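Novice: quick one, fold the following:
(one chain, ligands or ions: 2)
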Amino acid sequence: MTDSIRVGVLGARGRMGLEVCKAVDAAGDLELVAMIDQGDELFSGADAQVLVDFTSPDVVMDNLRWAIEQGISVVVGTTGFTEERLEQVRGWLAARPGVSVLIAPNFGIGALLMMRFSAIAAKYFESAEIIEQHHPRKFDAPSGTSQHTARLIAEARAAAGSPPMPDATKEELDGARGALVDGVRVHSVRAAGLVAHQEVLFGSAGETLTIRHDSLDRVSFMPGVLLAVRNVRKLPGLTVGIDSLLD
Ligand SMILES: NC(=O)c1ccc[n+]([C@@H]2O[C@H](COP(=O)([O-])OP(=O)(O)OC[C@H]3O[C@@H](n4cnc5c(N)ncnc54)[C@H](O)[C@@H]3O)[C@@H](O)[C@H]2O)c1
Ligand SMILES: O=C(O)C1=N[C@H](C(=O)O)CCC1
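Specialist: Ligands and ions are numbered 1, 2, ... in the order given. As a prediction, this is how the structure comes out:
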């Protein structure tokens, strides 16, 4: 029998952290050894081999720097990762070979497929816009998932030599056309009752294609989180997304 992986959770009292603690606790091959939230160490047993971070964009970089310095691998679901932040993490990891960090804007398997399908569709349509919808206690907009999707669409269009999207509209009020992320319009909706949802709307003459994903419950993220926890230490350095774990 192989030893279980010792896991610590940062943001353990949060919406995602609570769910991650339950999922780790229920997994026979994982041991929940630390639950940490806002300076509180709720409990801490043996040293963690993998930390899972679901905190906030304001604190995640400090957590990451600390964990990497301690030689602990980290699975990060917290959003707010710009290219500059990713570069900073690569820099810290360069000084600690053997340490792994996996950052994923969305651990939902359906969400991952929605992003993949959007990347495939991108070059076949003149227009693409993203509508992301979340619960109103979310800190950030646009969502990490929508920004990642926009990047994938932009890359696919650039590789195909697609022309700029048609848009003759003059914005009468700031924000009416959403935020531009890599040339793709992203519209952020926040409403009570929602969890995490995204539509990618493609259009060409005479037709539209809508690719939609709904996370109706935070349990939807757990298979992806556990997959990352089980595999992160096999991927030294920085990995973005869980795609490579699903192929
Ligand atoms: N990647 C994904 O699949 C995915 C899914 C859902 C949410 N998220 C992201 O995860 C993050 C957290 O979301 P949430 O809804 O759980 O938020 P939340 O506000 O419910 O939870 C965050 C928790 O982190 C704690 N915290 C703050 N600073 C801390 C620190 N320095 N150390 C330890 N804990 C600290 C807070 O007290 C809080 O309990 C957000 O960035 C969100 O966008 C990602
Ligand atoms: O609830 C949140 O906050 C979520 N954040 C991620 C994002 O910003 O994309 C993933 C979905 C849930």
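Novice: phi, psi of the residue most central in space within the chain?
Specialist: Most central in the chain under Cα atoms, centre = their mean is P105, positioned 0.9 Å from the mean C-alpha point. Here is the backbone geometry of P105 (degrees, to the nearest 10): phi -70, psi -20.
Novice: how close does K170 get to A176?
Specialist: Using Cβ to Cβ, to the nearest Å, K170 is found at 10 Å from A176. C-betas here are computed from N, CA, C, even on glycine.
Novice: more neighbours: which of the two?
Specialist: Using other Cβ atoms under 10 Å as the criterion, K170 and A176 rank with A176 on top: 10 against 7.
Novice: tell me which element that one is part of?
Specialist: Using DSSP states H and E, A176 sits in no helix or strand.
Novice: how close does the nearest residue to the residue nearest to the centre of the chain once chain neighbours are set aside get to ligand 1?
Specialist: Spatial nearest neighbour of P105, chain neighbours left out: G144 (3.5 Å); criterion: Cβ to Cβ, 6 or more residues apart in numbering. As judged by Cβ to the nearest ligand atom, to the nearest Å, G144 and ligand 1 stand 6 Å apart.
Novice: gap between G144 and Q198?
Specialist: For G144 relative to Q198 (Cβ to Cβ), the value is 11 Å.
Novice: also S162?
Specialist: 21 Å.
Novice: same thing with T210?
Specialist: 11 Å.
Novice: comparing the two, which residue is more hemmed in?
Specialist: Remark: of T210 and Q198, Q198 carries more neighbours, 26 against 10, as counted by other Cβ under 10 Å.
Novice: does whichever strand or helix holds the more buried one come close to ligand 2?
Specialist: According to DSSP H and E, Q198 maps onto strand 196-204. Yes. Strand 196-204 is in contact with ligand 2 by Cβ under 6 Å from any ligand atom, via A196.
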